[in-house]
Structures are given as structure tokens and as C-alpha cells.
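# Provide a 3D model corresponding to the input given below.
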Amino acid sequence: MGTPLLEITGLHVLVEGKEILKGISLSVEKGQVHALMGPNGSGKSTLSNTLMGHPKYQVTQGKILFQGEDLTALKTDARARGGIFLAFQYPTAIQGVSVANFIRTAMKARFGEKFQPKEFRKELKAAMASLGVDESFATRYVNDGFSGGEKKRHEILQMAMLKPLLAILDETDSGLDIDALRTVSEGINRLRGPSLGILLITHYQRLLNYIEPDVVHVLVDGRIVRSGGKELALELEAKGYAPYETAKTEQKETVPQ
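Residues are numbered from 1 along each chain as shown. From the prediction side, this is the model:
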């Protein structure tokens, strides 16, 4: 097997002086979907923001390699141009900027000279049709007055147009009703392919009823405490995170003072 698309080794991260990630290691290959599951406060969103280079998140130990290259010194825009995409849990509204203009600007930054403005409208129209998005969507202001489902569909539309190598989907199921969840999941499944790696961050197993992961990781208190196949998500649905949190507490209590 060649170089992993994403390789995280012994990652420790501070946020405002507090250590949130405490030695995370995982590897994502092209074509794989990895689901990262864990309770509130476990560090899931911290990992996604760290991977995108948010300046608030300070890497103190460990490495993040993307296609074999160290990301640590790269700023967020350089990571995005290199093919890393983050779908936010709470997308921000941008009044006065249409969806079409927003995506066109992002594509120009991502592809540079390869970007062909003449082909943009045709490609956008085809992507919206594929994802079941009405054409009027392109003229609306970014996330302004959007429902939860529309915000997430916009994220998936961006993903379709920007063609990332690594997509980090941070709680894409947050705030979605069952119909919107199905629609967004179908869009993600359409974009799956041999050149794309996906890190899917979620609280609940329900999203994995629609998007089948290759690997499931359980994150508790800043550490990956278990990894396994899709059956692990079903186990979490049945038992919850309590067994892992109890084991963490018991381990702390046995440490000599």
C-alpha cells in the first residue's frame, strides 16, 4: 500500500491553553470513509479545525501528513487549495454574495489557471441537477435564510464543484430532519470515489444508515479509544458512550497520587 492520503500521528492540540487532543493517530486512504464518533466535548470539532489550520488550535506534539507532506506550517487557504475541504457544523450566512459567485471565487482560488469561467455555469447546473438542488439556489445569498437542510446541501454542492481530495464533514447531520438527512447523504454518496477520502464526524449512528463507513473510530476525552468496522457504530447505538467514559474515569482513579 502506498502513502496514505491523510496520516495523523500522536497529535496533541491546545485550545486557549487547555489540551483537547491528547495523542490522536489515524490514517485515511483514498477512497475510504472514516467515521469519527464521540460524545460532546470529546474533541471531534477540534480535530476538524486543526486539520484546516485554524490559528486558535495549537499543535504541540505529533504530525499531520497530507499526501506525505507535513501540513503544520501551512495556512488554511493553502490547505484548501491543496485539496482539503471542510463542511462546517454551523455554516455562516454571507449577505450580498450569491451562491454562484461564492463557488466561482472558491474554484478560481482552488484551480488557478485551470479554472475555466466559460464552463462554470454548465458545470454548476449539472452539479445542482445531480444533487437535486433547484437552479434558483445559485442566485440566493450564501446561507441567508437557508433552512438547515439547505445549508448542508450548499456545503455538498461546494464539495462537488471543488473536487477535494480529502473532505472533512463536521456533524453534517446536525439539525437535519429525516428527509433532509436522506437527501444530504445521497449527495455525499454520489461524490464517493477512488480519489476522495472522507472523514465523517458525527454523534449518532443514524447518518451511517445512509453512508456506510469503512472504518469507525470512537473519540473520548481527546483520545481514540477504539476503532473498528461499521458494526462498531451499531454497538454505540445500542450501548452509547458510557462504557468508554466509565473506563476513562476508572483508569484515572487507579493512577497513584
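# What ranges does the stretch 1-150 of the chain have for its helices?
For the stretch 1-150 of the chain, the helices defined by DSSP state H, counting those that start in this stretch cover 44-51, 76-81, 99-111, 117-130, 148-162.
# So which of the ones you listed is nearest Ile168?
Taking C-beta to C-beta, helix 44-51 is the member of the helices of the stretch 1-150 of the chain nearest to Ile168, at 4.9 Å. (C-beta placed from N, C-alpha, C; glycine too.)
# Who are the packing partners of that closest one?
strand 6-15, strand 18-28, strand 33-37, strand 57-66, strand 84-87, strand 166-170, strand 197-202 (3 or more C-beta pairs under 8 Å, 6 or more residues apart in numbering; DSSP states H and E).
# could I get that helix in PDB with only the CA atoms?
The C-alpha trace of helix 44-51 is given here as PDB (Å, rounded to 0.1, in the frame of the first residue of the first chain):
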ATOM      1  CA  LYS A  44     -14.200  16.000  17.300                       C
ATOM      2  CA  SER A  45     -14.600  19.600  16.000                       C
ATOM      3  CA  THR A  46     -11.200  20.400  17.500                       C
ATOM      4  CA  LEU A  47      -9.700  17.800  15.200                       C
ATOM      5  CA  SER A  48     -11.500  19.200  12.100                       C
ATOM      6  CA  ASN A  49     -10.500  22.800  12.800                       C
ATOM      7  CA  THR A  50      -6.900  21.700  13.400                       C
ATOM      8  CA  LEU A  51      -6.800  19.800  10.100                       C
END
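# now the closest residue in space to Ala106 that isn't next to it in sequence: how far from Glu155?
Among residues not flanking Ala106 along the chain, Leu162 sits closest, at 6.1 Å (C-beta to C-beta, 6 or more residues apart in numbering). From Leu162 across to Glu155, the span is 11 Å (C-beta to C-beta, to the nearest Å).
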